Each structure stands twice: as structure tokens, then as C-alpha cells.
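*Asks:* Predicted coordinates and the sequence they were generated for:
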Amino acid sequence: MSFLSQGFSQDLVKALTEMGYEKLTPIQQKAIPQARRGADILALAQTGTGKTAAFALPIIQKLLDKPATKTRFNVRALILAPTRELAEQISVNINDYAKYTDINCAAIFGGKKMSSQEKRLEQGVDILVATPGRLIEHMEQNNVSLANLEFLVFDEADRMLDMGFIGAIRVILEDIRTKPQTMLFSATSSAQMNALAADILRKPQRITVTPENSTASTVAHVVYPVDEDRKREMLSELIGKKNWPQVLVFVNYKETANQLVKELKLDGIKAVLCHGDKAQSARRRALEEFKEGKARVMVATEVAARGLDIQNLPYVVNYDMPFLAEDYVHRIGRTGRAGQKGNAISFVSREEELTLVQIERLINQRIHRVQLEGYEPKSREALVERMNTKAAYRDRAGRQNNPTQDQSAAERRARLRKAISSKATKITRLKK
């Protein structure tokens, strides 16, 4: 099924053709007709399946069908995204789709000056892509008007809820007085997300193109059991011996990311950083170097799990297993996109085995284990023996009762027994 068959304008089809868009993906085939009819939508689909075009193209076409003069601070369509990377990526895509039309799109998110964003908003925008926190900041300064909002989209809604944005979402919804067509897109399902959908969607069309919480069939999953203190060594060996050309590595902590990049560079592997302490400009440069092949590895925290669109990325490595099983789906969604083959590699220490079980339950799939020779995890006995060589562990004191507290408690018990005995004696005398 082609985009031309969807009744899009020639200008829109021309831009899509130049971008290499030929046939609709499954999510686009199901969502676009419903969105064109004006239905509210709850769509569940894996990352990398073309969700942005599924909600953006119908909105652009509807705005073209119903032109309106841009007015100060007015917004006709609002798209909420959990991270600045995703917000920026959506905005770039929409401006590319609409390049031959008069439709404009702006993005507002943290890390950029409020003043420059205010100037952009003052002109009025057709489509605004925003992170919830930054949008509220502009709303408080009256830089955004949602009085005439026609379309509302939540992209990666599950991630927004995971990040604690439910309060911000409620604030934004309270400021909307119209009844916009609302679309909620997500890669995973949860009770909290279903509750939000029930609150904000009117008779929604529920669209699922893959089993809920599943991963792309084009991704090969592999687990390497390894002790925590040997992960870095094993990563360097795999990248070097297997000649992995481009690797996105996820860790849980910024400190781990900083140290890992330093050590990879010592091993002769060019690596760049992407985490919350890095300025937006630095993160953008790191991503560009990674995409262009100037850096072989990008080490990132969860902040990069959404919004990164890297063409033909062959490898994603979970150096640390994610805290939430659902985040595994989002992390590895950076590979195996748009029908391309990808590899999801996970390093699992003994302490992370439970997380692995939870992930396998979530995706309903047993992940293949590979034991790399020379990196076999030590037995529990060896672990205890190693810990006993550490003075702090070896000389640790067990729980000891406080002698003073013990003495006081004993004295209290003796006084209590004496009082009971005395009372019993008095009662006996009265009976006589």
C-alpha cells in the first residue's frame, strides 16, 4: 500500500518520495485511515515501526485541508514526548514531511534558552512538539495558547508515565478547553497507561500491530553471563575480536558511562558519551560522530533509549540490565528498525538474573545464552571466598545487643514481676 493511495496532497507525497518512503508499515496502514476519519487512537507498536508518520501525516493533511491564519502564541496541534531527543527527532521529521507546504513545526524542550523558544512561539505554530516540563514553563509565562487546539498526541506515553510526568500531563490537560482529536502511541502496555487512555480518549480505536510488549522479529537476542567486574574487559574483546562496527551501549549510571568511555579509549576504541549531565549541544555532537562513524561506540544512559533514530544500527548492548523490564524493549528498539536486522546483546551478572527472568516473561521469549570462554562467572563459593579476602567483609561484626539496653530491659521485667506479685498478695488478703 503506497502513500499516494491515502489521498495525501501532492506536496506531501513529493516530500515522502524524496525521503525514500514507499510502502506503508503495518502501524501506518492501520492508524492513518482511522486518524484521517477523526477517531481517537490508542496504538501499541514497537519502536522503529513508523509511528511518527502514522500520527504526523494525517495531522498535516488535516491542517492543509482546513487552513487557518497563524496568530500569536497559538498552537493547532500538540505532540508531547518524554525526552528532548525524541521531541527534536519528531520535529525534524515533521518539517521534512511538510517541507513543500506552509505547515510549520517547532520543538520546545529543556536545555535551550526560553527566550529563543518564546520568539518562535510568538509567531504562532501549526504543530508544536514539546516535553511536558518545558511546555508548562511556557504556559506559566503565557507563551503558549492551547485555546484553539485541534490535535493532541502522546508519543511514547508509557515512557512519560515511567518518568513521572503524570502530574505534568494533568496540568496540561486542565488548560485545554477544546475537544481535540487525541492519539496515544506507545511501545508497551501497562495498567497506568490504560487508565490514562480511559481518561483522555473518546471511544478510541485500539490498534495493535504486534503482541503487546514484544520486540521486533528482526532482532536477535543474546545473553552473556559474566561477573560484574569483568564486563568492561569482555565488551572490549567482543568489539575487537568480532569487529563490531557500530555499538550503542546502555548503562544505568552516569558515573559508569564516564568510566567506561575512558577505559574503552585506553583499549583503542573511540567512544562518545550521551547522558543527562552532558549539555544538549554535546549530546548532539556525540550522536553525529556516532552516526557518521567517527566514533565506534556510544555509551548512553536511559535518556537515550527513546528518540534516537540511527539508520541500520547493528548492535545494542545492555552493559547494565535496565531497572525496569519494559525499558529493555525500548533500549533494543534502537536496532532492527524498519525491517533491518539487529542484535541485542546483554551482559548479565549473578545479581541481574532476576531482571533477566522478568524480561523474558515480558517479551514471552527465552533469550539464548552464550558463555564466552575465559569469562565464566565464578561459583557462589568462589564469590564468598573472594569477599572474605576483603577486610571490611571478613571483619564485619554480627548484630550485637546493647549491654546497657539489655540490663535496663532486665530491670524493667524484674520490677514488673515484683509489682504483679505484690498486687496478687493484696488481692489474697482482701479475700480473706
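*Replies:* Everything's here; your move. Numbering: from 1, shown residues only.

*Asks:* counting contacts, what elements does the helix or strand encompassing Met234 pack onto?
*Replies:* Per DSSP states H and E: Met234 is located in helix 231-241. Secondary-structure packing of helix 231-241 (3 or more Cβ pairs under 8 Å, 6 or more residues apart in numbering; DSSP states H and E): helix 254-266, strand 342-348. (C-beta placed from N, C-alpha, C; glycine too.)

*Asks:* okay, those in a markdown table with distance to Asn104 next?
*Replies:* Rendered in a markdown table, the data for the helices and strands packed on helix 231-241 read as follows (distance: least, Cβ to Cβ, whole Å):
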| stretch | distance to Asn104 |
| --- | --- |
| helix 254-266 | 36 |
| strand 342-348 | 34 |
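
*Asks:* Looking at these, spot the one closest to Lys51.
*Replies:* Among the helices and strands packed on helix 231-241, the nearest to Lys51 by Cβ to Cβ is strand 342-348 (17.4 Å).

*Asks:* give me the element Leu354 is part of.
*Replies:* helix 353-363.

*Asks:* Put the alpha carbons of that helix into PDB.
*Replies:* In PDB, the C-alpha atoms belonging to helix 353-363 read as follows (Å, rounded to 0.1, in the frame of the first residue of the first chain):
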ATOM      1  CA  GLU A 353      19.500 -12.800  36.800                       C
ATOM      2  CA  LEU A 354      16.100 -11.900  38.300                       C
ATOM      3  CA  THR A 355      15.800  -8.900  35.900                       C
ATOM      4  CA  LEU A 356      16.500 -11.300  33.000                       C
ATOM      5  CA  VAL A 357      13.700 -13.600  34.100                       C
ATOM      6  CA  GLN A 358      11.300 -10.600  34.300                       C
ATOM      7  CA  ILE A 359      12.400  -9.500  30.800                       C
ATOM      8  CA  GLU A 360      11.800 -13.000  29.300                       C
ATOM      9  CA  ARG A 361       8.400 -13.100  30.900                       C
ATOM     10  CA  LEU A 362       7.600  -9.600  29.500                       C
ATOM     11  CA  ILE A 363       8.600 -10.400  25.900                       C
END
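
*Asks:* Show me the shaky parts of the stretch 1-150 of the chain.
*Replies:* Regions of the stretch 1-150 of the chain meeting the criterion pLDDT under 70 cover residues 1, 46-48.

*Asks:* Walking through it, point out its strands one by one.
*Replies:* Per DSSP state E, counting those that start in this stretch, the stretch 1-150 of the chain carries strands over the ranges 41-44, 75-80, 105-108, 125-130.

*Asks:* what's the answer for the stretch 301-432 of the chain, then?
*Replies:* Under DSSP E, counting those that start in this stretch, the stretch 301-432 of the chain gives strands at 315-318, 342-348, 368-369.

*Asks:* I'd like these laid out as JSON lines, including mean neighbour count.
*Replies:* Below are these laid out as JSON lines (neighbours: other Cβ atoms under 10 Å):
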{"stretch": "strand 315-318", "mean neighbour count": "24"}
{"stretch": "strand 342-348", "mean neighbour count": "23"}
{"stretch": "strand 368-369", "mean neighbour count": "10"}
